[in-house]
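K.L.:
my questions are about this predicted structure, shown below with the sequence.
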Amino acid sequence: MFLVAGAGILLHRRLSARRAIQWATVITVLLSLLLASYNIGKFTSYGDLSIIFTFFVGLKAILVAIGISAWLIITRPNWQKLMAIGFMLLSIASIIGGYRIGDYHTPENIMQRNAETIVKALERYHDQFNHYPATIDGLVPEQLPQLPEAITTQGTGWLYTSDGTSYTLGYWMLPYKFGVHLCLYGSENRLIQDCGLTERDGWEPFSPIYTPMPDNT
């Protein structure tokens, strides 16, 4: 937000000097917007509550960019109005772009993509052998060079159970004191079935597995 505001104020001052805008100013403004985009993406990629924080920060930055651009359009003549519009569009694009890139790299979204990779490998295994493996380690190395990392489970790893004709794949994320968000995939629809909040001892169809979270009660 402050980077966008600073870039807009710099642009306004240079345009107010009644001379052709310098390349140094253009480069400084672009670098400020790129840095703002990077910061938004970086904080968003942490996932969980950081997404909410960066969403509102990004929204404020966009509103600042629109306000400064409106100010430039009102106060500056002719071609300089086009500079204001360009600044507004670039600011909005950099903030939204940074947010979307960061959201793509959140642990939650990485885990979902990793789970979908395993699901596809399970189906390839079933197509080849007409049954599902007893453990997902059976997918390596023929179906997968290695299992994707279960980055949100704090070392618990992937949850998997199969009777050969069907399977359930699961993982957990976002641990709280009273439970976790347990995400489950099934062979029936090959899509995520549930990713809701689950009590710490209610991990059906898996055996009870407790999260590593300390009990502070």
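P.N.:
Yep, it's here.
K.L.:
how about the residue nearest to the spatial centre of the chain, nearest residue that isn't a chain neighbour?
P.N.:
When Cα atoms, centre = their mean is applied to the chain, the residue found nearest the centroid is Asp103 (1.8 Å). Distances taken as Cβ to Cβ, 6 or more residues apart in numbering place Thr44 nearest to Asp103, at 5.5 Å, with adjacent residues excluded. (Each C-beta comes from the backbone N, C-alpha and C, glycine too.)
K.L.:
returning to what we had before: quick one, what contacts the residue nearest to the centre of the chain?
P.N.:
Thr44, Ser45, Ile51, Asn109 (Cβ atoms under 8 Å, 6 or more residues apart in numbering).
K.L.:
which ones among the residues you listed map onto helices?
P.N.:
Taking DSSP state H as the definition of helices, the contacts of Asp103 contribute Thr44, Ile51, Asn109.
K.L.:
and the last one, what does it touch?
P.N.:
Neighbour list for Asn109: Gly47, Asp103 [criterion: Cβ under 8 Å, 6+ apart].
K.L.:
can you check the first one too?
P.N.:
Contacts here follow Cβ under 8 Å, 6+ apart; on that basis Thr44 touches Ser50, Ile51, Thr54, Phe55, Gly98, Tyr99, Ile101, Gly102, Asp103, Thr106.
K.L.:
after the biggest strand by length in the chain comes which helix or strand?
P.N.:
Ranked by residue count and defined by DSSP state E, the top strand of the chain is strand 167-176. Of the helices and strands lying after strand 167-176 in sequence (DSSP states H and E), the nearest is strand 179-186.
K.L.:
listing partners with orientation, what would you give for that next one?
P.N.:
Applying DSSP bridges, strand 179-186 is found paired with strand 167-176 (antiparallel), strand 192-199 (antiparallel).
K.L.:
OK, contacts around Ile66?
P.N.:
Applying Cβ under 8 Å, 6+ apart to Ile66 gives the contacts Met88, Ile92.
K.L.:
ugh, wrong one, I meant Met88
P.N.:
Ala65, Ile66, Ile68, Ser69.
K.L.:
and the gap between the nearest residue to it once chain neighbours are set aside and Leu144?
P.N.:
Nearest-residue entry for Met88: Ser69, 3.6 Å, with adjacent residues in sequence omitted and distances by Cβ to Cβ, 6+ apart. Between Ser69 and Leu144 the computed distance is 49 Å (Cβ to Cβ, to the nearest Å).
K.L.:
do Cys195 as well
P.N.:
22 Å.
K.L.:
which segments of the protein make up each domain?
P.N.:
Using automatic domain parsing, the domain ranges for the chain come out as 2-104, 107-199.
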